[in-house]
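> Any chance you could fold what I've pasted below:
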Amino acid sequence: MTRLVHLAVLMAACLIAAACASGPVLSVPGPDTSSLLSRGCEHFSRHQYEVCYAYLVNDSLLARVPYYEVGRQPVLGPAALTRLKSRYYGAARRLIIDQTNSWPRHVDVSVPSIRIVGPVTVSANLATATIHTIETWLVRAEPHGNQPGRVLFAETNARHTISLDRTPTILCLAGHCLHKWVVVQIR
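Purely as a prediction, here's the structure:
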């Protein structure tokens, strides 16, 4: 679990640096200068930056990855499930929990590759947002001897449309409450 926390902190730092960079990040050779984050993530006025950060760091790296990693273990599983439930609601939560029902207790989760592409759309009342991603995930059962574990979940450059809702948190001061962006649908 310590390895996973260190990895998540490192990834969060990289994503923050990428989001704040003015030029392309993780560019590929050739004329394509696509980046980890779309130009739609660069905007602060409509909360696009918050939406991108929430999905990449809070929802994916700090909730979904740990749930995949330890969600079926008796000691760490309940905390991972609680974190997942705080970041994924409705259909998105059911999708992930149903996906992992038949997984063994011990799995090996590779760090996902998630690129936000295209515009980040935030509703006029700042209550909902939609992002488009290209994601690569690999989760295997824990390896046995020299043999890699069987693949439990894999996506390679899968395109998704992610719907998020803005929800208040319990952190309130002088009538103003902080909010968070939670995933409600993955298509």
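
> Skipping adjacent residues, who's closest to the most centrally placed residue in the chain in space?
In the chain, the residue lying closest to the centroid (Cα atoms, centre = their mean) is residue 60, at 1.8 Å. Leaving aside its sequence neighbours, residue 60 sits nearest to residue 114 (Cβ to Cβ, 6 or more residues apart in numbering; 5.9 Å). Where C-beta positions appear, they are placed from N, C-alpha and C, glycine not excepted.

> What pLDDT does the model give the one you found?
You'll see residue 114 listed with a pLDDT of 94.

> Any idea how many residues pack against it?
23 (other Cβ atoms under 10 Å).

> Next, it: phi, psi?
phi -130, psi 120 (degrees, to the nearest 10).

> measure it to residue 64 for me?
Using Cβ to Cβ, to the nearest Å, residue 114 is found at 10 Å from residue 64.

> what does residue 117 give?
With Cβ to Cβ as the criterion, residue 117 and residue 64 are 19 Å apart.

> ok, now residue 128?
Counting by Cβ to Cβ - residue 128 and residue 64 are separated by 20 Å.

> And those two? Which one has more around it.
More neighbours surround residue 64 than the other of residue 128 and residue 64, with 24 against 16 (other Cβ under 10 Å).

> Would you mind confirming that the more buried one is in contact with residue 84?
Yes: using Cβ atoms under 8 Å, residue 64 makes contact with residue 84 at a distance of 6.7 Å.

> what do these two both touch?
residue 96 (Cβ atoms under 8 Å, 6 or more residues apart in numbering).

> Surely the residue nearest to the centre of the chain touches residue 115?
No: using Cβ under 8 Å, residue 60 makes no contact with residue 115, being 11.7 Å away.

> Common neighbours of these two, please.
Common neighbours of residue 60 and residue 115 (criterion: Cβ under 8 Å, 6+ apart): none identified.

> Residue 171 - nearest residue in space that isn't next to it in sequence?
residue 178 is the one closest to residue 171 (Cβ to Cβ, 6+ apart), at 4.5 Å.

> Secondary structure of the one you found: a strand, I assume?
Yes: assessed by DSSP: H, G, I helix; E, B strand; the rest coil, residue 178 belongs to a strand.

> Number of residues surrounding it?
Residue 178: 10 neighbours (other Cβ under 10 Å).

> start at 37 instead
Sounds good: first residue 37 from here, last item residue 214.

> quick one: it and residue 204 touch, right?
Yes: using Cβ under 8 Å, residue 214 is in contact with residue 204, at 7.3 Å.

> partners of the top strand by length along the chain, with directions?
With secondary structure taken from DSSP state E, the chain has its longest strand at strand 187-209. When pairing is defined by DSSP bridges, strand 187-209 lines up against strand 164-177 (antiparallel), strand 212-222 (antiparallel).

> Ok, which of the ones you listed comes nearest residue 111?
Among the strands paired with strand 187-209, the nearest to residue 111 by Cβ to Cβ is strand 164-177 (19.4 Å).
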